[in-house]
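S.K.: After the sequence you'll find the predicted model.
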Amino acid sequence: MKYTDKEYYIDDFLVEKMDLAIERYNYNRDSLFICDGSEGDGKSTMTFGLAYYIAWKMGKTFNINNVFFDVEEMMKFASKNEGQIIIWDEACTMGMATSWQNRIQQKLIKVLMMTRKKKHFFFFNIPKFRKLNEYIVDRSVGLIHVYSPDMIRQGSFVYFKKDQKDYLYEMQKERGKKTYKIGWSFRGKFSNPKDLIDEVEYDKRKDQAILDIFKDEKPAKDGMYKEKFDEFRRRIAKCDNYTLKERASLVGVSEKTISKWKTTLLEPPVDFKPTLGTA
């Protein structure tokens, strides 16, 4: 059903949850929704649509300036304003070292504690729900898990309301059962809304966030961290919104090194034969 002035689909049950968040706002309460899922499965797509719905219904503004990759910048914005719609996008935390993830989560907790009475609407986009700090999970009113049914297409989700989400966290964190197939409240589809934000600027800011993270945290090149280091290099090689020279300068390596990463990590070998597999 069309709920806003834009052409995109929102599940009726999700609309009810966003309306509940608006009602919480009227009672001077904030709302945090966690959206998790694998990279490329549509976390940003999902939350952009929901954030725009809230903005449209309440007569508020939602644009690229409501989306944050840097927690410090989000903290400044959330502290200085009230009743804002705020999306925090993890950018690339799945490949980060545990120490870095812990530092980021402590900052997220500080944001939530400092701005509790500001009546914000928060959406946190993260890869793995179970890796969140318990305080963040407890503060959230619901979990949206997006997934691809065939490892290709976006557009599917399941929703866990507060008690279901808390139970799922216990199952995944304490009991090691990494499943989303039980205990959800409802499931549905979502579409890709167009022209809600400046997508070119979004990609540029995301690339910059990845570059900044890489500059601050460099996993070891051998042993158990080699896979993570390779993932960092792939992300830098793929940041096409920046020139070779800019990327080299930002991460402190030569242009030749960036070119080498692109050749060795992104381009398939000559005898590469693609195959289509299933999970």
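M.R.: That came in fine, so what should we check first?

S.K.: For the rest of this, base every contact and every neighbour count on C-alpha atoms.
M.R.: Noted.

S.K.: Check the burial of the closest residue to Val137 other than its chain neighbours by counting its neighbours.
M.R.: Nearest residue to Val137 in three dimensions, chain neighbours excluded: Asp166, at 7.3 Å (Cα to Cα, 6 or more residues apart in numbering). Applying other Cα atoms under 10 Å, we find 18 residues neighbouring Asp166.

S.K.: Which strand or helix spans Asp166?
M.R.: Using DSSP states H and E, Asp166 sits in helix 162-173.

S.K.: which element follows that helix toward the C-terminus?
M.R.: Using DSSP H and E, the next helix or strand after helix 162-173 towards the C-terminus is strand 186-189.

S.K.: now the one helix or strand Ile258 maps to: mean pLDDT?
M.R.: If you go by DSSP H and E, Ile258 is part of helix 255-261. Averaged over helix 255-261, pLDDT sits at 82.

S.K.: Stretch 154-171 now?
M.R.: The model assigns stretch 154-171 a mean pLDDT of 94.

S.K.: Would you mind pulling the contact partners of that stretch?
M.R.: Residues from elsewhere that reach stretch 154-171 (Cα atoms under 8 Å, 6 or more residues apart in numbering): 40-42, 129-130, 137-138, 140-149, 177-178, 180, 183-192.

S.K.: which among those residues end up buried?
M.R.: Neighbour counting by 16 or more other Cα atoms under 10 Å classes 41-42, 129-130, 137, 140-148, 183-184, 187, 190-192 among those as buried.

S.K.: Give me the subset of these lying in strands.
M.R.: Counting by DSSP state E, the part of the buried ones among the contacts of stretch 154-171 found in strands is Gly142, Leu143, Ile144, His145, Val146, Tyr147, Arg187.

S.K.: Show me how the protein divides into domains.
M.R.: Listed domain ranges for the chain are 12-189, 218-266 (source: automatic domain parsing).

S.K.: quick one: the first one to chain centroid distance?
M.R.: Domain 12-189 has its average C-alpha position 8 Å from the chain's average C-alpha position, going by Cα atoms, centre = their mean, to the nearest Å.

S.K.: Tell me which other helices or strands the helix or strand of the chain with the lowest mean pLDDT touches.
M.R.: Here the helix or strand of the chain ranked lowest by mean pLDDT, DSSP states H and E is helix 226-237, holding a mean of 75. Contact here means 3 or more Cα pairs under 8 Å, 6 or more residues apart in numbering; DSSP states H and E; on that basis helix 226-237 packs against helix 199-216, helix 255-261.

S.K.: List the buried residues for the last one?
M.R.: The neighbour-count criterion (16+ other Cα under 10 Å) identifies Glu255, Ile258, Trp261 as the buried residues of helix 255-261.

S.K.: Next up, the contacts around Asn66.
M.R.: Listed by Cα under 8 Å, 6+ apart, the contact set of Asn66 reads Gln84, Ile85, Ile86, Ile87.

S.K.: Which of the helices or strands spans the last one?
M.R.: Of the helices and strands defined by DSSP H and E, Ile87 is found in strand 85-89.

S.K.: Let me know the angle separating that strand from helix 199-216.
M.R.: Orientation of strand 85-89 against helix 199-216 (axes from the mean of the first three to the mean of the last three Cα atoms, to 10 degrees) gives an angle of 50 degrees.

S.K.: as a whole number, average confidence for strand 85-89?
M.R.: So the average pLDDT for strand 85-89 ends up being 96.

S.K.: Likewise for stretch 128-147?
M.R.: For stretch 128-147, the per-residue pLDDT averages 93.

S.K.: distance between the ends of it?
M.R.: With Cα to Cα, to the nearest Å applied, stretch 128-147 spans 12 Å between its terminal residues.

S.K.: do the same with stretch 82-102
M.R.: 27 Å.

S.K.: next one: stretch 67-87
M.R.: Here the two ends of stretch 67-87 are set 5 Å apart, with distance taken as Cα to Cα.
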